[in-house]
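*Asks:* Take a look and give me a structure for this.
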Amino acid sequence: MKHAVTKELFAYWDRRRGMRDLPERGDIEPGPIRRILGDTFIASGGTGFPFRLAGTRMCALFCRELRATPLLDLWDRASRAALRQILANGFEDQSGTVASVQAETADGRELMLELLVLPLRHNDGAGRMIGTLVPMKIPFWLEVIPLERLTLGAYRHIGRSTDDAMPSLVAPLTGAPQREGFVVLEGGRRD
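*Replies:* The predicted structure is shown next:
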């Protein structure tokens, strides 16, 4: 996770689930995440994963209201099958996914975004997901020229905490004693 909005939503979702596998849809309250609500969406499980709610900044990326629009309709054909599988696996594995996204406008402008999708338990059996779709940089034309196509980039599944997935840095065990402080290496030009 690179974007501050993505990190904030994941931390909130992780706190709300506590020791459970998933938080309930009713556990999610807008107050604690009010700063990022404009970048947040809730989608239903099922055919196309339609948006139940979509924040104003997220709708502004496409210059239109996204409520009731299937999430999968925003993606190019090649990305739809992969994203459908990622979302289905999220419900099954009870894990979230963070992904890089390449967006393109009708006139060929490109923009990198970050996608986060996190499953929620809901009493209808289909489930819900909460997520964010945020631009990594804000170009001058954003929210004036709509994004047309999204292409899925690299992605990874995330579990209990992002700290669990981060590798720890450990000095290599070489058997030789490690020196501390500055080390001067001879070098430079010899004419």
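*Asks:* can you list contacts of the longest helix seen in the chain?
*Replies:* Taking DSSP state H as the criterion, the chain has its longest helix at helix 77-93. Residues from elsewhere that reach helix 77-93, judged by Cβ atoms under 8 Å, 6 or more residues apart in numbering: 45, 49, 71-72, 75, 95-97, 99, 117-119, 127, 129, 150-152, 155, 157. No exception for glycine: its C-beta is placed from N, CA and C like everyone else's.
*Asks:* Also stretch 3-20?
*Replies:* Applying Cβ under 8 Å, 6+ apart, the external contacts of stretch 3-20 come out as 1, 23, 27-28, 32-33, 35-36, 39-40, 96, 98, 114, 116, 118, 130-132, 134, 136, 158, 160-162.
*Asks:* For the protein, which segments count as helices?
*Replies:* Along the chain, the segments classed as helices by DSSP H run 4-17, 56-62, 77-93, 162-165.
*Asks:* Which among those is found nearest to residue 109?
*Replies:* helix 56-62 (12.2 Å; Cβ to Cβ).
*Asks:* Spell out for me which residue occupies the centre of the protein.
*Replies:* Most central in the chain under Cα atoms, centre = their mean is residue 116, positioned 2.0 Å from the mean C-alpha point.
*Asks:* Please tell me I have it right and that residue contacts residue 156.
*Replies:* No. Judged on Cβ atoms under 8 Å, residue 116 makes no contact with residue 156 at a distance of 11.0 Å.
*Asks:* tell me, what's touching those two both at once?
*Replies:* Contacts common to residue 116 and residue 156, judged by Cβ under 8 Å, 6+ apart, are 97, 98, 99.
*Asks:* Of those residues, which is the most crowded?
*Replies:* Most neighbours among these, by other Cβ atoms under 10 Å: residue 98, with 23 neighbours.
*Asks:* who's in contact with it?
*Replies:* In this structure, residue 98 makes contact with 1, 6, 10, 114, 115, 116, 155, 156, 158, judged by Cβ under 8 Å, 6+ apart.
*Asks:* ok, so of those, who is nearest residue 62?
*Replies:* For the contacts of residue 98, the nearest to residue 62 is residue 115 (13.9 Å; Cβ to Cβ).
*Asks:* what's across from the closest residue to the closest one other than its chain neighbours in the sheet?
*Replies:* Spatial nearest neighbour of residue 115, excluding adjacent residues (Cβ to Cβ, 6 or more residues apart in numbering): residue 99 at 4.6 Å. Taking DSSP bridges as the rule, residue 99 bridges to residue 115, residue 155.
*Asks:* got the contact list for residue 99?
*Replies:* 86, 114, 115, 116, 152, 153, 154, 155, 156.
*Asks:* ok, the third one - contacts?
*Replies:* Neighbouring residues of residue 115 by Cβ under 8 Å, 6+ apart: 97, 98, 99, 100, 101, 131, 132, 133, 155.
*Asks:* For the fifth one, which residues are in contact?
*Replies:* For residue 101, the contacting residues are 112, 113, 114, 115, 133, 150, 151, 152, 153, taking Cβ under 8 Å, 6+ apart as the criterion.
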